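Asker: let me see the structure of the following:
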Amino acid sequence: MNVPYRQIRALYTDRSITVYQAYDAAIAAPAVAAQRFVPPFKRERMTWIKPSFLWMMYRCGYATKPGQERVLAIELSREGFEWALAHSCLSHDDRRPEWARRVRRSPVRIQWDPERGLRHEALPYRSIQVGLAGEAVRRYVDEWTLGIRDVTDRVREVHAAVRGGADARALLPAERPYPVPDELAETIGASVE
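Answerer: Here you go, the predicted model:
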């Protein structure tokens with residue numbers, strides 16, 4: 001499979017995209033109950049969303065790392081997700097004019113990290129992380145979130161299959177390339193096919 005170096009791959013529908021975050025039960029349980037993030041979730045902090053399930057598994061160690069024992073699948077409106085992309089700035093210097101000023105003013109950071117396999121091995125292409133701050137966090141919590149599911153049981157099922165040597169690919173979400181308009185691809189530094 002020839003995967004572009006920087007491509008958003010996600011589970012999505014015509015109206016929504018699924019992203020992942022991992023928290024402790026004190027944040028996860030109220031969020032699932034309210035179907036949006038509520039205290040003790042802190043709006044003042046940058047929050048990172050990840051469309052790649054396997055990158056989230058790498059980050060949270062299959063829900064084994066302290067403070068990341070619950071994995072949430074957050075269904076966002078595509079309109080909101082694309083607003084975030086349009087108002088973003090790469091977290092590293094992209095050598096375009098005014099990068100330092102843009103990164104200070106932007107409510108969204110984009111980071112491309114090596115995608116991960118089932119055993120956390122680095123793959124030869126990148127996965128996007130989207131960091132939300134300020135206005136973007138407010139919109140994420142109040143406008144974009146369509147639903148929140150706790151997928152920790154599925155995470156544990158995948159992890160058990162991997163540890164047992166089984167082929168766990170059938171347990172993964174059906175992620176596919178997310179269509180990004182050319183102007184957004186340039187903003188986020190995505191590969192153009």
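Asker: show me what contacts the nearest residue to residue 108 once chain neighbours are set aside?
Answerer: Spatial nearest neighbour of residue 108, excluding adjacent residues (CB to CB, 6 or more residues apart in numbering): residue 88 at 3.8 Å. Quick note: C-beta positions are derived from backbone N, CA and C, even for glycine. Residue 88 sits next to 106, 108, 109, 110, 130, 187, 188 when contact means CB atoms under 8 Å, 6 or more residues apart in numbering.
Asker: which one among those residues gets closest to residue 51?
Answerer: When those are compared for distance to residue 51 (CB to CB), residue 130 wins out at 7.9 Å.
Asker: against residue 165, how distant is the spatially most central residue of the chain?
Answerer: The residue lying closest to the centre of the chain (CA atoms, centre = their mean) is residue 50, at 1.0 Å. Shown here: residue 50 relative to residue 165, a distance of 26 Å by CB to CB, to the nearest Å.
Asker: ok, residue 155 next?
Answerer: 18 Å.
Asker: the more surrounded of the two?
Answerer: residue 155 (25 against 7; other CB atoms under 10 Å).
Asker: what packs against the strand or helix carrying the more buried one?
Answerer: In this assignment (DSSP states H and E), residue 155 forms part of helix 152-163. If you count contacts as 3 or more CB pairs under 8 Å, 6 or more residues apart in numbering; DSSP states H and E, helix 152-163 packs onto helix 53-60, strand 70-77.
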